[in-house]
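Asker: give me coordinates for this.
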Amino acid sequence: MGTSDRQFLHESLQDAKTVKTLLTALAKGFSNKEITLGDDTDELVMTTADLMTVRIKADRQGPDCQVSLRVSWTDPTERKPETGAPRISG
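Answerer: Numbers count the residues shown, from 1 in each chain. Here you go, the predicted model:
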């Protein structure tokens, strides 16, 4: 792992209004191309990309309901190592 490898995890019980506020802040972060996630103990800032993979999953098992939204991308500010020109021989 490089020095930029970090993780943020937070789990708590929130009302619908707070969930909406969090999703609105996330949408604003995507619009501004920078997302800051944090709580009382940690903070993680990520630069978004022009194209991102989106996965939406919903599940209902009896009374238990779950909706998950996963967005993944490659940080455009992280340079990939040069791989050189491709070579093909036949």
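Asker: strands of this structure, residue ranges please.
Answerer: Using DSSP state E, the strands of the chain run over residues 34-38, 43-47, 53-61, 64-72.
Asker: return the distance of stretch 64-77 from the chain's centre.
Answerer: Here stretch 64-77 is found 5 Å from its chain centre; the criterion is C-alpha atoms, centre = their mean, to the nearest Å.
Asker: neighbouring contacts of that stretch?
Answerer: The contact list for stretch 64-77 (C-beta atoms under 8 Å, 6 or more residues apart in numbering) reads 4, 30, 46-60. For glycine as for every other residue, the C-beta is placed from the backbone atoms N, C-alpha and C.
Asker: how about a cut-off of 6 Å?
Answerer: Residues outside stretch 64-77 that contact it (C-beta atoms under 6 Å, 6 or more residues apart in numbering): 47, 49, 52-59.
Asker: any of those residues buried? List them.
Answerer: Among the contacts of stretch 64-77, none is buried by neighbour count (16 or more other C-beta atoms under 10 Å).
Asker: okay, those residues in a markdown table with distance to residue 19 and pLDDT next?
Answerer: Formatted as a markdown table, these follow (distance: C-beta to C-beta, whole Å; pLDDT from 0 to 100):
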| residue | distance to residue 19 | pLDDT |
| --- | --- | --- |
| 47 | 25 | 95 |
| 49 | 25 | 94 |
| 52 | 21 | 95 |
| 53 | 23 | 96 |
| 54 | 18 | 96 |
| 55 | 19 | 97 |
| 56 | 15 | 97 |
| 57 | 17 | 97 |
| 58 | 15 | 97 |
| 59 | 17 | 97 |
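Asker: among these, which one sits closest to residue 39?
Answerer: Distance ranking of the contacts of stretch 64-77 against residue 39, using C-beta to C-beta, places residue 47 first at 20.4 Å.
Asker: which residue comes closest to that closest one once chain neighbours are left out?
Answerer: Take residue 47 and drop its neighbours on the chain: the residue closest to it by C-beta to C-beta, 6 or more residues apart in numbering is residue 77, 5.1 Å away.
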